[in-house]
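> below is the structure, and that's it, no one-letter string:
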């Protein structure tokens, strides 16, 4: 968004001055208070970062539980629950708290997420007043620990095909929960191996011999600290990381629970065994139920951004302390961040982290509005679910990539366990696959684009959804993205007509936005054409969709990256004039041009980037890195990661 092409050494460029405190206030936004509370709690319990290495697994699990309960007593973890049960009544604040908690030990983060986000969220959103009164006060206070038992060994992302069964026995007015085979055992369940007293169990409901689909039940798994009758629990054992979380496997051998154990916001069973639901279509009912749990994906996406901030804070601070090689004979050895290659490795990641921060602000706001609104808006919910899925995917992939690059950028010192990279790598790796595998989530994003978020989407099972996407929806998309309409939209978007990509300034945000918008529209049209081609040849719809999955993922990635850039551009435009806005404008340019450069092959293949223009973008990225370099420490300081959380004595002192 900067308008000056001069390098930092040229007279036309004036380096902006950053007011770190003011920038931090912008980034913390309206939730500065809850973020500061979390930072205070993190510092209070900073010893957990050492204890993760020093304690055995059992002792560390107990320590993590203790910290979670102590944090709950401060009000930090209950912000999203209604005030009448002891919560804060602010959904947005609960997400902001979780994002900030990601600066600390990630076992504490995930344990909190399981207890208050998944277990508590399921009771809040799927249950009714009797469940809220019975469980929420103790749950919010940490006196009642629970699990979220959805995932099964044989059914990961395909929740509709879960094998656990809940049969209603009208004679006793009870549900009988059964694990029919090993594939239906609940697996990787947080809190299950040690601490959970209750579990929200997702199972296929059968009433009078009729299957009504997946529903959720509150099931005791421990009584007085001992495994409940009919429940079998195994410890998943040590994992790559997150060993402060007691993941386990659960089987149910005809476990009986009362009729009231059904979380009945969306469906109920009468004492006599009559099933009723305000949502007649079973697939719509299923998607509505799962849609209420979208908070988990929003939380994990934000946590991914927080993890990247910690890694970059360490790597950037190290790079302005560590010297290596003389720039010229007799001179002092050069700082790492003064090397062009080091700038190229770290500074685009800083820019992308800022971009994802602003994108997370958008999805957090959407979540707050949807769940705090007086009216239920199905279209708003679908937009939220799609955006949450995409932002979670890009945010967690970014965390994994950033931690690895930062570790490498810190050399051998970064490999020592005393510094945080070992823990960050081990603990954050699973973020790309829990709360939805990222590739599966991006397929959901793409299917939403192909159906234009049509309401019919919720009424279909998996096969029907594919047929819809490859049928009527394709015709709509083909018309909307036909070549002549696409060109017309490009001309409307950009001054310069057909030569826009050769004449527009590289640092013009409208040029940058148009490039990513064009890529998305072109990919959407391409997927639609490939789907239609397969259907016209009478191929099986499922096979056709499978054949274009690579194209589908690329489309979804392009769509979400466009949303991220739009959020960053809007965020910068909203800032008051001054050095902070100028600095973030540089970062916005760096993010946008780095993204275009990374996909330059696609833009060149599709005639949107000449060889000369491509080379000019690379030169501009290098120049932007040089301009950002003097600002780098201030930019990472504005994230306000507590120094105690960096825990990198060999790297930052």
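Now that the structure is in, tell me what you want to look at. None of the values given here were measured: they were computed from a predicted structure.

> hey, where'd the strands end up in the stretch 301-450 of the chain?
Assigned by DSSP state E, counting those that start in this stretch, the stretch 301-450 of the chain shows strands spanning 323-326, 333-335.

> now the longest one: average pLDDT?
This predicted structure assigns strand 323-326 an average pLDDT of 65.

> buried ones in the strand or helix carrying residue 560?
Assessed by DSSP states H and E, residue 560 sits inside helix 549-573. By 16 or more other C-beta atoms under 10 Å, the buried positions in helix 549-573 come out as 551-569, 571-572. (C-beta placed from N, C-alpha, C; glycine too.)

> per-residue pLDDT, the residue lying closest to residue 314 once chain neighbours are set aside?
Excluding its sequence neighbours, the residue lying closest to residue 314 (C-beta to C-beta, 6 or more residues apart in numbering) is residue 648, at 4.8 Å. pLDDT, residue 648: 85.

> one more: the one 4 residues further on?
Confidence per residue is given as pLDDT, and for residue 652 that number is 85.

> show me the contacts for the residue nearest to it when sequence neighbours are not counted.
Using C-beta to C-beta, 6+ apart and skipping the chain neighbours, the partner closest in space to residue 652 is residue 317 (4.3 Å). By C-beta atoms under 8 Å, 6 or more residues apart in numbering, the contact set of residue 317 is 633, 636, 646, 651, 652.

> give me the element residue 585 is part of.
Secondary structure assignment for residue 585, by DSSP H and E: helix 579-598.

> quick one: list the elements packing against the helix or strand following that helix.
Moving toward the C-terminus from helix 579-598, the next helix or strand (DSSP H and E) is helix 600-605. The contact analysis (3 or more C-beta pairs under 8 Å, 6 or more residues apart in numbering; DSSP states H and E) places helix 600-605 against helix 509-536, helix 611-628.

> mind listing what's buried in helix 600-605?
Those buried within helix 600-605 under the rule 16+ other C-beta under 10 Å are 600, 602, 603.

> in TSV, list those along with distance to residue 77.
As requested, those are exported to TSV (distance: C-beta to C-beta, whole Å):
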residue	distance to residue 77
600	45
602	43
603	45
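
> re earlier: which one of the contacts of residue 317 is nearest residue 188?
For the contacts of residue 317, the residue nearest residue 188 by C-beta to C-beta is residue 646; the value is 29.9 Å.

> contacts only, for that closest one.
Counting by C-beta under 8 Å, 6+ apart, residue 646 has contacts 310, 313, 314, 317, 420, 652.

> so which of these sit within helices?
Of these, the ones assigned to helices by DSSP state H are 310, 313, 314, 317, 652.

> circling back: which one (most neighbours) among the contacts of residue 317?
Of all those, the highest neighbour tally under other C-beta atoms under 10 Å goes to residue 651, namely 24 neighbours.

> from residue 159, how far out is residue 545?
Per C-beta to C-beta, to the nearest Å, residue 545 is found 19 Å from residue 159.

> more neighbours: those two, which one.
residue 545 (25 against 15).

> I figured the more buried one hits residue 531, correct?
Yes - if you go by C-beta atoms under 8 Å, residue 545 and residue 531 touch, sitting 7.0 Å apart.

> re the thing from before, quick one: the residue nearest to residue 652 from residue 198, how far?
From residue 317 across to residue 198, the span is 44 Å (C-beta to C-beta).

> go on, residue 434?
Going from residue 434 to residue 198 by C-beta to C-beta gives 21 Å.

> who's more crowded, the two?
Each of residue 434 and residue 198 has its neighbours counted (other C-beta under 10 Å); residue 198 has more, 22 against 18.

> any low-confidence regions in the stretch 101-250 of the chain?
Applying pLDDT under 70 to the stretch 101-250 of the chain flags no residue at all.

> what about the strands in it?
For the stretch 101-250 of the chain, applying DSSP E, counting those that start in this stretch gives strands covering 146-149, 165-169, 174-178, 186-189, 198-207, 210-220, 222-223, 226-227, 231-235, 248-252.

> and of these, who's closest to residue 612?
Closest among the strands of the stretch 101-250 of the chain, using C-beta to C-beta: strand 186-189, at 51.4 Å.

> how many neighbours does the residue nearest to residue 213 when sequence neighbours are not counted have?
Spatially, and ignoring its direct neighbours in sequence, residue 213 is nearest to residue 282 (4.8 Å; C-beta to C-beta, 6+ apart). By other C-beta under 10 Å, 17 other residues sit near residue 282.

> what does residue 265 give?
Residue 265 - counted by other C-beta under 10 Å - has 19 other residues nearby.

> quick check: it is in a strand.
No - the assignment for residue 265 (DSSP: H, G, I helix; E, B strand; the rest coil) gives coil, which keeps it out of a strand.

> what sits against it?
With the criterion set at C-beta under 8 Å, 6+ apart, residue 265 makes contact with 125, 126, 127, 128.

> what about the second one, neighbour count?
A count of nearby residues for residue 126, using other C-beta under 10 Å, gives 24.

> residue 70: neighbour count?
When neighbours are counted by other C-beta under 10 Å, residue 70 registers 14.

> so it sits right up against residue 45, yeah?
Yes - between residue 70 and residue 45 there is a contact under C-beta under 8 Å: 7.3 Å.

> from residue 236, how far out is the closest residue to residue 629 other than its chain neighbours?
Computed as C-beta to C-beta, 6+ apart, the closest residue to residue 629 that is not its neighbour in sequence is residue 343, at 5.4 Å. As judged by C-beta to C-beta, residue 343 and residue 236 stand 42 Å apart.

> more neighbours: which of the two?
residue 343 (23 against 16).

> name the nearest residue to residue 208, sequence neighbours excluded.
Excluding its sequence neighbours, the residue lying closest to residue 208 (C-beta to C-beta, 6+ apart) is residue 273, at 5.5 Å.

> from residue 653, how far out is the residue nearest to residue 575 when sequence neighbours are not counted?
Among residues not flanking residue 575 along the chain, residue 581 sits closest, at 4.2 Å (C-beta to C-beta, 6+ apart). Going from residue 581 to residue 653 by C-beta to C-beta gives 32 Å.

> could you do residue 396 as well?
In terms of C-beta to C-beta, residue 396 sits 30 Å off from residue 653.

> comparing the two, which residue is more hemmed in?
residue 396 (29 against 10).

> any idea how far the more buried one is from residue 42?
According to C-beta to C-beta, residue 396 and residue 42 sit 21 Å apart.

> ditto for residue 623
With C-beta to C-beta as the criterion, residue 623 and residue 42 are 37 Å apart.

> out of these two, which sits in the more crowded spot?
residue 42 (25 against 21).

> which ones are touching that one?
100, 101, 103, 104, 642, 644, 645.

> got the contact list for residue 293?
118, 121, 122, 125, 126.

> which of those residues tops the neighbour count?
Using other C-beta under 10 Å as the neighbour criterion, residue 122 leads these with 27 neighbours.

> residue contacts, that one?
Residue 122 sits next to 148, 200, 216, 263, 293 when contact means C-beta under 8 Å, 6+ apart.

> now render the residues you listed as TSV, adding distance to residue 22.
TSV is the format used below for those (distance: C-beta to C-beta, whole Å):
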residue	distance to residue 22
148	40
200	43
216	45
263	46
293	37
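
> for ChimeraX, write the select line for the buried members of the residues you listed.
Buried subset of the contacts of residue 122, written as a ChimeraX selection, criterion 16+ other C-beta under 10 Å:
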select :148,200,216,263,293
